[in-house]
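Participant: Sequence first, then the predicted structure:
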Amino acid sequence: MKVIYYDCFCGISGDMNLGAMVDLGVDPSILSSELYKLSMKNEFELSINKEQKNGITGSRVHVIVKKHDHVHRHLKDVNEIIENSHLTESVKSLSKEIFLKIATAEGLVHGKAPDKVHFHEVGAIDSIVDIIGAAICFEILGIDKVYSSPIQLGGGFANCAHGTIPIPAPATIEILKDIPIKTGLVDFETTTPTGAAILATTVKEFKSSINMKIDKIGYGVGNRDLSVPNLLRVYLAEIY
């Protein structure tokens, strides 16, 4: 059985996840060509580079947004972008499931129905690319099952469209209810709502360790220099 094991010692974000997938072996040109099947293909491009954190080399994926308008989208708008693409049905289905997870959590936090939620940061082009890109990568890698360690969320406070909020963000912690977490490693948001939703949707079991034979190791590089390496480590493995 081919599996992925997420080692979230410093959390997970959408771009760190894409970096880890590329580091595992997803061809950047194939990932880009699949993402360019979206109607918004002229609004972004991918920058993929090798970088280091604390001496560990990984892949950094940066979504360069060509249009800087802060478009506020509803769930219906995001689903239309997905449905109107030429992506496979499995990629469309998983992408919509992840977005529904976020919309449901945001709705609970803000007292709204999921279809009434405005996607602010999450609805931005880069997050749409991160989520759909994750679904594309899972299909390319042909994964049978996804596992994860407990997820490090970080701590402190952050500024967003609604003002100053505690970390983990309310939507993040809502998404991760009933899922093993850790907090307080650093005073920074190590896990974003996008990263949380990807794991909450795809992971079948959260375990501190599993019996596996590792085939490949991928590191997704984050954008912060912290006291610990701002990396997401992912194993492509066989279960025994």
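Facilitator: Thanks, I have it.

Participant: Flag the shaky bits of the protein, pLDDT-wise.
Facilitator: Scanning the chain for pLDDT under 70 picks out 67-71, 120-123.

Participant: What is the burial count for Phe206?
Facilitator: Neighbourhood size, Phe206 [other Cβ atoms under 10 Å]: 19. From N, CA and C alone the C-beta is placed, and that goes for glycine too.

Participant: give the contact list for the residue nearest to it when sequence neighbours are not counted.
Facilitator: Ranked by Cβ to Cβ, 6 or more residues apart in numbering and with sequence neighbours excluded, the top spatial neighbour of Phe206 is Pro180, at 4.8 Å. By Cβ atoms under 8 Å, 6 or more residues apart in numbering, the contact set of Pro180 is 150-151, 206.

Participant: just the residues you listed now: which is nearest Phe44?
Facilitator: Ile151 (27.0 Å; Cβ to Cβ).

Participant: I'd say the closest one and Ile198 touch.
Facilitator: No - the criterion here is Cβ atoms under 8 Å, and Ile151 misses it with Ile198 at 10.8 Å.

Participant: Any chance you could list residues touching both of the two?
Facilitator: In contact with both Ile151 and Ile198: Ile12, using Cβ under 8 Å, 6+ apart.

Participant: that older thread, how near is the residue nearest to Phe206 to Val234?
Facilitator: Distance from Pro180 to Val234, counting by Cβ to Cβ, to the nearest Å: 17 Å.

Participant: same deal with Leu176?
Facilitator: With Cβ to Cβ as the criterion, Leu176 and Val234 are 18 Å apart.

Participant: same deal with Gly133?
Facilitator: Taken as Cβ to Cβ, the span from Gly133 to Val234 is 14 Å.

Participant: Repeat that for Ser85.
Facilitator: For Ser85, the distance to Val234 - Cβ to Cβ - is 25 Å.

Participant: Give the buried residues for stretch 169-184.
Facilitator: Buried residues in stretch 169-184, counted by 16 or more other Cβ atoms under 10 Å: 169-176, 181-182.

Participant: Can you tell me which of those is nearest Val117?
Facilitator: Among the buried residues of stretch 169-184, and counting by Cβ to Cβ, the member closest to Val117 is Ala171, at 9.5 Å.

Participant: need the next SSE after the longest helix along the chain, C-terminal direction.
Facilitator: For the chain, the helix that runs over the most residues, judged by DSSP state H, is helix 89-110. Note on helix 89-110: by DSSP states H and E, the next helix or strand toward the C-terminus is helix 125-141.

Participant: helix or strand right after that following helix?
Facilitator: strand 145-148.

Participant: Does anything pack onto that next one? Which helices or strands?
Facilitator: Strand 145-148 is packed against strand 2-7, helix 193-202, strand 205-206, with contacts defined by 3 or more Cβ pairs under 8 Å, 6 or more residues apart in numbering; DSSP states H and E.

Participant: The ones you listed into TSV, with extra columns for distance to Lys76?
Facilitator: Converted to TSV, these look like this (distance: least, Cβ to Cβ, whole Å):
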stretch	distance to Lys76
strand 2-7	30
helix 193-202	18
strand 205-206	31
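
Participant: Show me which of the ones you listed has the highest average neighbour count.
Facilitator: helix 193-202 (a mean of 26; mean count of other Cβ atoms under 10 Å).

Participant: Just the angle for that helix relative to helix 125-141, thanks.
Facilitator: Calculated by axes from the mean of the first three to the mean of the last three Cα atoms, to 10 degrees, helix 193-202 forms an angle of 30 degrees with helix 125-141.
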